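Visitor: fold the following, please.
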Amino acid sequence: MLAQVRRHVAKTGDPHAAAAMHDAVALMEASNGRTEEARRHLAICASLIRDFPNAGLEQLTCISSAFVDFFECKYQSAFDHLNDARRFVSVTGNRDGVIECNLGHAMLVLGKLQPAETYFKHVLEHGSAQSRFSALEGLARVYLAAGDLARCTTTLDEHEAFLLHDRNLALAFSGRWATSTRIRLLLKQKEYSEAITIAKASLTAAEGLSDRILVGELSCLLAEAHACSGNTGKGATQLLDFIKRGPLNGNTEAMYYRALGSVFKTTSPAVGSELFRRASNIYLYQGNRTGESDLQELATKEPVRPSGNDIPLLVISGVASALANADAPRLLGYELKQLSTLLNCSPHSELVVSKDLRPAKGQEVVLPLGKVNGEQVALRLQVPAKAHEVAILGELMRVSAAAVALQESSRERRQTAALWPADPIEANAGALFLSEDMQGLISIARRVAATNVPVLITGETGTGKEVLARAIHAYSNRSKAVFLPFNCTSTPRDMLDSQLFGHRRGSFTGATENFQGIIRGATGGTLFLDEIGDMGLDVQPKLLRFLESGEVHPVGETQPVRADVRVIAATNVNLDTLVSAGGFREDLFYRLNIVHLPIPPLRERRIEIPALANHYLAKYAQEYAKGRLRLAEETMEYLMLYRWPGNVRQLANEMRRVAALCEAGAVVMPEHLTMAIAASRRTIPASERTLEPTEVVVRLDQPMAAATEHLERALLQYALKQCGGRMEETAALLGLSRKGLYLKRQRFGIEPPESAAASV
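Guide: Next up, the predicted model:
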């Protein structure tokens, strides 16, 4: 449904509808594991609310941000976002206890059990029925973490009693997860058989709900229950089944290593100890103090030296963990450091974090692992003396490089799979590619940008051909070099050869200095040749020669000169027709037309009109210090119905004119638009009664100066029409002097009717 919703929201031009849509998409993306995309949509939502405040939407965005934080195991950030959401309760009246419940869970994970208990008990006293149901499950977790097993049991029993009144609560979040808390309690009580029975039944139910995080937790708990009951084979097999479902994520990885450690803690203490320590490190990195504290009971106090049989498992699990945690440089560094010690491939290793990382010196290597808060994380390893150890170190470096590259590739893959791919970069103010046609064009532009193949962009005047050319340049590996636009009609035809290819001093009359030419001026970058269809036939062979050989031949020089320049050409004429008529060389046409990007006119991509209109109006309102200008719904309909022969350029200029003439903070009404655009709408909304010719609607949700300006404008237009544009009669009808009428017309940019202007 998303594509349809986007079209409707774009047509309304309503920023609040757009913000609500982006918030919903953020939750969808986070649920699919694409948290970078979720953050992007939440940032868009926040920017819309910043410009168009709405307390309810801002509270919703804060809660959604907390949800994404929980998904990414950023619990302190989740707590901060929930506190921000709580500030709006007095305005929105949202007092059902959901925010306090989530605050309690954040405090619980952060290890602050007393505040967590306070939040949950507050909800039990003041929250809705569903919130109280959720608070009981959270309170049970608090008692479990505190070691109060009796109160945990009692609270879980109360939680289950709720289901006697409403079975639908079993599908709620806390209804699903209460069984996880019950299984943890049974493991603490050493009731392994009952824990296994409940875990199996709950796992089947969770699979039916497609709750991947819950499935992961229950799988790990079932494996741990099997291992604790003495059946380590079943525990290991259960974890293998879990791995088959897909890669681990931040919510399940620590639990997986905890369960795997339980499998080996008796048979291979060194392996079990290392796996528990890895799980503890992950919890510590995430800030999950409760999970970390729970593991302290399982980890051995003294490190156990691994035996020969332990080494293969520890090495392969270390490599797997390094690859899985490539997006967490500190965890990646920890795993690589442990591997270097285990493999004995470096006399000394050190994990360093610095803003200015010094390069390797002497007999050492530095493995860059990524940045955290603007600081570079790296692992310094001393190079050993023995060839065998040096070779192992080399392989470890390859693992490190593969982990970093894999993470980058995974990020790009997640972005590609996004429900709503990121909008292309804005090469300038008009680069908004929103319609399906424009999205397809920019997708092709991304792919060809990395090559040096010529591109031909066609389209009507004002459609944004240069904007697309700049986007191609920005995506290419030439982006840091010059982008040089050149209009082929800006130079007299007899001078175009010299202008493009350069000349030698004295080569013709007036050539007083050596001139390198436009093409060589773009060396290393991109040359944009606009209006290529108007280039003379005498210059076209030299351009073809340059495209084929990369050489230019300046006027007066005896030898050609090489120039590394990427050419993008554009035209608003049909080159096929021009070739047939003999006005354009066929071979040059085929050389330029390798990649053809036809830009549709604005009337064929009307979905972009609201976004473009709002964008340009906001831009020029800021430029002219007019505060916040808004387009009325009726005005937006006029803009949507107009054909826009001048395309995006005409729309931008119309918004510039409106911003210049409007009062500060005005709501832009149809009367502010030029006559040609105002005449484009022939329909009247059915919800409005027909106004008399002498009536006008004035909006009250705007400053007084803007409302007054609207009324004066309507009076002037009516009087001019009634008097046929005759100034003396118009001034008399309005009770103004002729000069006063002239000044008001100048102020509002109102011209007399065309018939009157012609007669004058």
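
Visitor: mark out where each domain of this structure begins and ends.
Guide: As recorded under automatic domain parsing, the domains making up the chain are 1-73, 95-189, 206-291, 306-421, 436-600, 608-759.

Visitor: now mean neighbour count and distance to residue 83 too, for those, in CSV please.
Guide: C-beta here means a position set from N, CA and C on the backbone, and glycine is covered the same way. Shown next, in CSV, are the domains of the chain (neighbours: other C-beta atoms under 10 Å; distance: least, C-beta to C-beta, whole Å):
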stretch, mean neighbour count, distance to residue 83
domain 1-73, 19, 9
domain 95-189, 19, 7
domain 206-291, 20, 16
domain 306-421, 16, 22
domain 436-600, 17, 38
domain 608-759, 16, 29
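
Visitor: where exactly do the helices run in the stretch 251-400 of the chain?
Guide: For the stretch 251-400 of the chain, the helices defined by DSSP state H, counting those that start in this stretch cover 253-264, 269-286, 289-295, 310-324, 329-343, 387-416.

Visitor: so which of the ones you listed gets nearest residue 433?
Guide: helix 387-416 (15.8 Å; C-beta to C-beta).

Visitor: elements contacting that closest one?
Guide: The contact analysis (3 or more C-beta pairs under 8 Å, 6 or more residues apart in numbering; DSSP states H and E) places helix 387-416 against helix 35-51, helix 310-324, helix 329-343, strand 364-372, strand 375-382.

Visitor: 6 Å - rerun?
Guide: helix 310-324, helix 329-343 (3 or more C-beta pairs under 6 Å, 6 or more residues apart in numbering; DSSP states H and E).

Visitor: packing partners for the first one?
Guide: With contacts defined as 3+ C-beta pairs under 6 Å, 6+ apart, the packing partners of helix 310-324 are helix 269-286, helix 329-343, helix 387-416.

Visitor: now the helix or strand just after the last one: how far from the chain's centre is it?
Guide: It refers to helix 387-416. Per DSSP states H and E, the first helix or strand lying C-terminal to helix 387-416 is helix 436-449. On the basis of C-alpha atoms, centre = their mean, to the nearest Å, helix 436-449 sits 18 Å off its chain's mean C-alpha point.

Visitor: go on, stretch 640-650?
Guide: Centroid separation for stretch 640-650 versus its chain: 29 Å, with C-alpha atoms, centre = their mean.

Visitor: let's have the chain start at 39 instead
Guide: In the new numbering, first residue 39, that becomes stretch 678-688.

Visitor: got a markdown table for the helices and strands packed on helix 348-362, with mean pLDDT and distance to residue 155 too?
Guide: Shown next, in a markdown table, are those (pLDDT from 0 to 100; distance: least, C-beta to C-beta, whole Å):
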| stretch | mean pLDDT | distance to residue 155 |
| --- | --- | --- |
| helix 307-324 | 89 | 21 |
| helix 367-381 | 90 | 31 |
| helix 425-454 | 82 | 38 |
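
Visitor: turn those into JSON lines, including distance to residue 50.
Guide: As requested, those are exported to JSON lines (distance: least, C-beta to C-beta, whole Å):
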{"stretch": "helix 307-324", "distance to residue 50": "41"}
{"stretch": "helix 367-381", "distance to residue 50": "44"}
{"stretch": "helix 425-454", "distance to residue 50": "28"}
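
Visitor: can you check which of those helices gets nearest to residue 135?
Guide: helix 307-324 (25.9 Å).

Visitor: list the contacts of that closest one.
Guide: 111, 291-292, 295-296, 298-299, 302-303, 329-330, 333, 336-338, 342, 344, 348, 351-352, 369, 372 (C-beta atoms under 6 Å, 6 or more residues apart in numbering).

Visitor: same thing with stretch 252-265?
Guide: 214, 218, 221, 230, 233-234, 237, 240-241, 244-245, 272-273, 276-277, 280, 290, 293-294, 297, 300-301.

Visitor: tell me which helix or strand of this structure sits lowest on mean pLDDT?
Guide: Least confident element among the helices and strands of the chain, by mean pLDDT, DSSP states H and E: helix 792-797 (a mean of 46).

Visitor: how about the strands in this protein?
Guide: With DSSP state E, the ranges of strands along the chain come out as 387-392, 402-410, 413-420, 493-496, 521-525, 564-568, 589-590, 599-600, 604-609, 633-636, 668-669, 705-706.

Visitor: let me know the average pLDDT across the second one.
Guide: Confidence for strand 402-410, expressed as mean pLDDT, is 85.

Visitor: partner strands of that strand, with direction?
Guide: Strand pairing for strand 402-410, determined by DSSP bridges: strand 413-420 (antiparallel).

Visitor: surely residue 556 touches residue 539?
Guide: No: applying C-beta atoms under 6 Å as the test, residue 556 and residue 539 come out as separate, 8.2 Å apart.

Visitor: residue 352: what's it in contact with?
Guide: Each residue near residue 352 by C-beta under 6 Å, 6+ apart is listed here: 312, 344, 380.

Visitor: one step back: with distance to residue 754 added, can I get the helices of the stretch 289-438 of the chain in a markdown table?
Guide: Shown next, in a markdown table, are the helices of the stretch 289-438 of the chain (distance: least, C-beta to C-beta, whole Å):
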| stretch | distance to residue 754 |
| --- | --- |
| helix 291-302 | 70 |
| helix 307-324 | 66 |
| helix 327-333 | 70 |
| helix 348-362 | 70 |
| helix 367-381 | 66 |
| helix 425-454 | 53 |
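
Visitor: where does the stretch 689-798 of the chain dip in pLDDT?
Guide: Within the stretch 689-798 of the chain, the ranges that satisfy pLDDT under 70 run 718-732, 737-740, 791-798.

Visitor: show me where it has helices.
Guide: Under DSSP H, counting those that start in this stretch, the stretch 689-798 of the chain gives helices at 713-716, 742-760, 765-772, 776-786, 792-797.

Visitor: of all those, which one is nearest residue 115?
Guide: When the helices of the stretch 689-798 of the chain are compared (using C-beta to C-beta), the closest one is helix 742-760, at 41.3 Å.

Visitor: and residue 179, how far from residue 761?
Guide: 80 Å (C-beta to C-beta, to the nearest Å).

Visitor: cool, residue 508 as well?
Guide: Taken as C-beta to C-beta, the span from residue 508 to residue 761 is 49 Å.

Visitor: for residue 781, same thing?
Guide: Counting by C-beta to C-beta - residue 781 and residue 761 are separated by 18 Å.

Visitor: now swap in residue 696 and tell me
Guide: 26 Å.

Visitor: residue 497 too?
Guide: Applying C-beta to C-beta to residue 497 and residue 761 gives a distance of 43 Å.

Visitor: with residue 396 instead?
Guide: Remark: distance between residue 396 and residue 761 (C-beta to C-beta) = 82 Å.

Visitor: so for stretch 350-360, what's the average pLDDT?
Guide: For stretch 350-360, mean pLDDT is 90.

Visitor: how far off centre is it?
Guide: Mean-position distance between stretch 350-360 and its chain equals 34 Å (C-alpha atoms, centre = their mean).

Visitor: keeping just the C-alphas, turn that stretch into PDB.
Guide: Provided in PDB are the C-alpha atoms of stretch 350-360 (Å, rounded to 0.1, in the frame of the first residue of the first chain):
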ATOM      1  CA  PRO A 350      39.400 -25.200  16.700                       C
ATOM      2  CA  LEU A 351      36.000 -24.300  18.200                       C
ATOM      3  CA  LEU A 352      37.400 -21.200  19.900                       C
ATOM      4  CA  VAL A 353      39.100 -20.100  16.700                       C
ATOM      5  CA  ILE A 354      36.100 -20.600  14.400                       C
ATOM      6  CA  SER A 355      33.700 -19.000  16.900                       C
ATOM      7  CA  GLY A 356      36.000 -16.100  17.300                       C
ATOM      8  CA  VAL A 357      36.100 -15.600  13.500                       C
ATOM      9  CA  ALA A 358      32.300 -15.900  13.300                       C
ATOM     10  CA  SER A 359      31.900 -13.300  16.100                       C
ATOM     11  CA  ALA A 360      34.300 -11.000  14.400                       C
END
